[in-house]
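# 3D, please:
(2 chains)
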Amino acid sequence: MQHYTMNLTLKVWRQKNSKSQGAFETFQVKDISSEMSFLEMIDVLNEQLVSEGKEPIAFDHDCREGICGMCSMYINGRAHGPWHETTTCQLHMREYKNGDTIVIEPWRASAFPVIKDLAVDRTAFDRIIAAGGYISVNTGNAVDANCLPVEKQQADDAFAAATCIGCGACVAACPNASAMLFVSAKVSHLALLPQGEPERKKRVVNMISQMDTEGFGSCTNIGACEAECPKGISLENIARLNREYIGSMLSGSATGV
Amino acid sequence: MNWKLYFSTSVGKKIQMALTGLFLIVFLIVHCYVNAQIFYNDNGVRFTEAAHFMGTNFLIRATEIGLFGFLILHIVQGLSLYFANNSKRPSRYAVSAGNATSKWYSRSMALLGTLILLFLVMHLYKFWAPNRWSQLSTGHELDLYAAMREEFQIMWVVGVYLFGCFSLAWHLVHGFYSAFQTLGLGMHRYKGMIKAVGVGFSIIVPLIFAAMPIAFHFHIIN
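Sure thing, here's the model as predicted:
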C-alpha cells in the first residue's frame, strides 16, 4: 500500500475528572503518516499541545501491541475503532484519508467513571475478578501437569476464553453497558478446566452479584460486545455463563454462596 | 443462596424473561392453531367448536390465569430492565455504532414489546373481554366468528392488527433466539438451528395471524 500523509480534524472528549462535565474539543493535526498507529497520531497531537503550552490529552495505553488491554477509545462510534478484532493501538492511520473528521470518546458507562479525558476507571473489572475469578492452589511441590488430563477441545475453548484482555470494549459497545461478555469469558475459562472445579458453583454467582453491584447493565443478547471484542470472545461464553448460573441455581449449596 | 436471590440478579431476571417468553411462544402456537380454524371457510363451525373448548375447559381456563400472570411478569420485568439498563450510561455517545455491530430489532425489544402491548389492549377489549363478560353475566359465549367478520370490515382495525403482527414478528426474531441463549443453549451445536427455527417461527406465526383480518376484510372467507 502506498504511503501518504493526511490532515485531520479530531473531536476529542475532554473532561477534567469524574465529577466535572466534559465536552468535545476540536483539534487539527497535519502531515499524519498513513503508516502511523492511531495512538502515535494522538502522540503527535499531544506533542503539539505540549509545545503550545496546553494540557495534553490523557489516554490509557501500555503495550501497544494488542495484548495488555489498556487502550480504550471509542472512535467514530466504534469501540477500538472500525477494524475487526483489533485494539486501538493496532488500528493504523491508513484507515483514514486526508480531510477526515474523527470523533474520539471515552468508554461511557456509569461503572467506568472517567478519570480524565479518555482514560476511564476500569477497576470494577478487578473487583469482579476478586469476587470469584480465581482457583485454589495447594502449596507444596508442583503437581505433575500430566496428572490432570484435559480434553483437547475443552483446553482450546478455555484458552479462547482466556484470551480476554479485560479492556472493557464489551461494556463500551453494549447498549446496556453490560459486562456479561467479560464475566462470561472469565467464568468460562475456569469452568472448562479441572482446576476451576472446587469454586465452580460459587464463582459464577459471586462474580455476577459483583457485576450487578458495580452498576453494569443486564445482558439482553444484542451481541454488540461480540462484534467489538478485540479478542473475538464469542457469545457462546455467555451461553456457558448462563448454564453455569442455572447449574449453580439448581444444585449449588444452599449456604456459603 | 435461595431461589428469590437467584432470580433477582441480572441473570436471574434474564431467566425470568426467557421462561415467560417461551411460555408466551407456546401460547401463540395454541392461539394461532385455534384461530386458523377459520380458514376451513365453513362459516366458522370448526372455529366456534375450538373456541368453545378453549373458553370452557377447566384446565385451559386455569392456564389462562397463569398466562396473564406470566404476561404481566414479562411486561413488568421487561420494562424495569429497560429503564435500569438505560440508566447505566448517563453520558451518551455522540456517535453511535448503530447497525454496524447489532441488529435494530435486538436493541428495540422494549419498543416492540410496548407496541404489542398497545395492540393487545385493543385486541382484548374487542374480543376477549366482551366474551368473558358475556360468559359471566349470561352464561353464554359470544359468536366470536361473527364478531371477527364484523370488526375486520373496518379498515383501521385491520391496519392496527397488521401493525401488531409486524411488531410481534420482529419481537420474536430476537426473542425466540434470545430465550434459548439465556437458557444456555446458544452454543455452536444448536445456535444455527435455533436461529433458523426462530426466524421461521417469527415469519410463519405472525403471517397466519395477519392473514385472518385480511381474509375477512377482502371476503376471502365469509
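# tell me the contacts of residue 110?
By default, I'm working from chain A. Going by C-beta atoms under 8 Å, 6 or more residues apart in numbering or on different chains, A:Ser110 touches A:Ala177, A:Gly215, B:Ser87, B:Lys88, B:Arg89, B:Pro90. All C-beta spots, glycine's among them, are computed from the backbone N, C-alpha and C.
# correction: the question concerned chain B.
B:Gly78, B:Leu79, B:Tyr82.
# could you do B:Ala36 as well?
B:Ile208.
# try 10 Å this time
Listed by C-beta atoms under 10 Å, 6 or more residues apart in numbering or on different chains, the contact set of B:Ala36 reads B:Arg46, B:Phe47, B:Ala50, B:Ile208, B:Phe209, B:Ala211, B:Met212.
# quick one: the helices in chain B?
Using DSSP state H, the helices found in chain B span residues B:3-8, B:10-35, B:45-56, B:58-86, B:104-107, B:109-123, B:129-138, B:144-151, B:155-182, B:188-217.
# which of these sits most buried?
helix B:155-182 (a mean of 21; mean count of other C-beta atoms under 10 Å in any protein chain shown).
# low-confidence regions, chain A specifically.
Residues of chain A that meet the criterion pLDDT under 70 lie in A:254-257.
# recalculate using a threshold of 90.
A:1-2, A:136-148, A:198, A:251-257 (pLDDT under 90).
# now chain B
Low-confidence segments of chain B (pLDDT under 90): B:1-5, B:98, B:139, B:186-189, B:221-222.
# quick one on the thing from earlier: mind putting the helices of chain B into JSON lines with distance to A:Lys202?
JSON lines is the format used below for these (distance: least, C-beta to C-beta, whole Å):
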{"stretch": "helix B:3-8", "distance to A:Lys202": "13"}
{"stretch": "helix B:10-35", "distance to A:Lys202": "15"}
{"stretch": "helix B:45-56", "distance to A:Lys202": "46"}
{"stretch": "helix B:58-86", "distance to A:Lys202": "25"}
{"stretch": "helix B:104-107", "distance to A:Lys202": "32"}
{"stretch": "helix B:109-123", "distance to A:Lys202": "32"}
{"stretch": "helix B:129-138", "distance to A:Lys202": "48"}
{"stretch": "helix B:144-151", "distance to A:Lys202": "54"}
{"stretch": "helix B:155-182", "distance to A:Lys202": "21"}
{"stretch": "helix B:188-217", "distance to A:Lys202": "28"}
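# now for the ones you listed, which one comes closest to A:Cys225?
helix B:104-107 (11.9 Å; C-beta to C-beta).
# tell me if the closest one is near chain A.
Yes. For helix B:104-107, a contact with chain A is found by C-beta under 10 Å from any C-beta of the partner chain, at B:Tyr105, B:Ser106, B:Arg107.
# contact partners for A:Glu151?
Going by C-beta under 10 Å, 6+ apart, the list of residues near A:Glu151 reads A:Asp157, A:Leu192.
# pull the contacting residues for A:Gly196.
Contacts of A:Gly196 (C-beta under 10 Å, 6+ apart): A:Gly133, A:Tyr134, A:Ile135, A:Ser136, A:Ala158, A:Val187, A:Ser188, A:His189, A:Leu190, A:Arg203.
# distance of it relative to B:Phe201?
Going from A:Gly196 to B:Phe201 by C-beta to C-beta, to the nearest Å gives 37 Å.
# show me the strands in the stretch 51-200 of chain A, by range?
Counting by DSSP state E, counting those that start in this stretch, the segments of the stretch 51-200 of chain A that form strands are A:74-75, A:78-79, A:101-105, A:114-116, A:119-120.
# what parts of the stretch 1-150 of chain A come near chain B?
So the stretch 1-150 of chain A meets chain B at A:11, A:13, A:15, A:21-22, A:24, A:74-79, A:82, A:102-114 (C-beta under 10 Å from any C-beta).
# count of neighbours near residue 108?
All of this is about chain A. 21 (other C-beta atoms under 10 Å in any protein chain shown).
# hm, I was asking about chain B
B:Ser108: 16 neighbours (other C-beta under 10 Å).
# OK, contacts around the spatially closest residue to it that is not a sequence neighbour?
Nearest residue to B:Ser108 in three dimensions, chain neighbours excluded: B:Trp170, at 7.5 Å (C-beta to C-beta, 6 or more residues apart in numbering or on different chains). Going by C-beta under 10 Å, 6+ apart, B:Trp170 touches B:Lys103, B:Trp104, B:Tyr105, B:Ser106, B:Ser108, B:Met109, B:Leu111, B:Leu112, B:Leu115, B:Ile116, B:Ser202, B:Pro206.
# and which of those is nearest B:Ile220?
B:Ile220 lies nearest to B:Pro206 out of the contacts of B:Trp170, by C-beta to C-beta, at 18.1 Å.
# excluding residues flanking it in the chain, which one is nearest the residue of chain A found nearest chain B?
Proximity of chain A to chain B (C-beta to the nearest C-beta) peaks at A:Arg243, 3.2 Å away. Setting aside the residues directly before and after it, A:Arg243 is nearest to B:Gly184 in space (C-beta to C-beta, 6+ apart), at 3.2 Å.
# next, count neighbours for the one you found.
For B:Gly184, the neighbour count with other C-beta under 10 Å is 21.
# what sits against B:Phe176?
Residues counted as contacts of B:Phe176 (C-beta under 10 Å, 6+ apart) are B:Gly21, B:Leu22, B:Ile25, B:Ile194, B:Lys195, B:Val197, B:Gly198, B:Val199, B:Gly200, B:Phe201, B:Ser202, B:Val205.
# dump the residue contacts of A:Tyr63.
If you look again at residue A:63, you'll see it is Cys, not Tyr. A:Gly69, A:Met70, A:Cys71, A:Thr87, A:Cys89, A:Ile165.
# these in helices, which ones?
Per DSSP H, the subset of the contacts of A:Cys63 in helices is empty.
# and for A:Trp13, the neighbour number?
22.
# tell me the angle the strand or helix carrying it makes with strand A:101-105.
According to DSSP states H and E, A:Trp13 maps onto strand A:5-14. Angle of strand A:5-14 versus strand A:101-105, following axes from the mean of the first three to the mean of the last three C-alpha atoms, to 10 degrees, is 30 degrees.
# list the buried residues for stretch A:113-127?
Using 16 or more other C-beta atoms under 10 Å in any protein chain shown as the test for burial, stretch A:113-127 gives A:Pro113, A:Val114, A:Ile115, A:Lys116, A:Asp117, A:Leu118, A:Ala119, A:Val120, A:Arg122, A:Ala124, A:Phe125.
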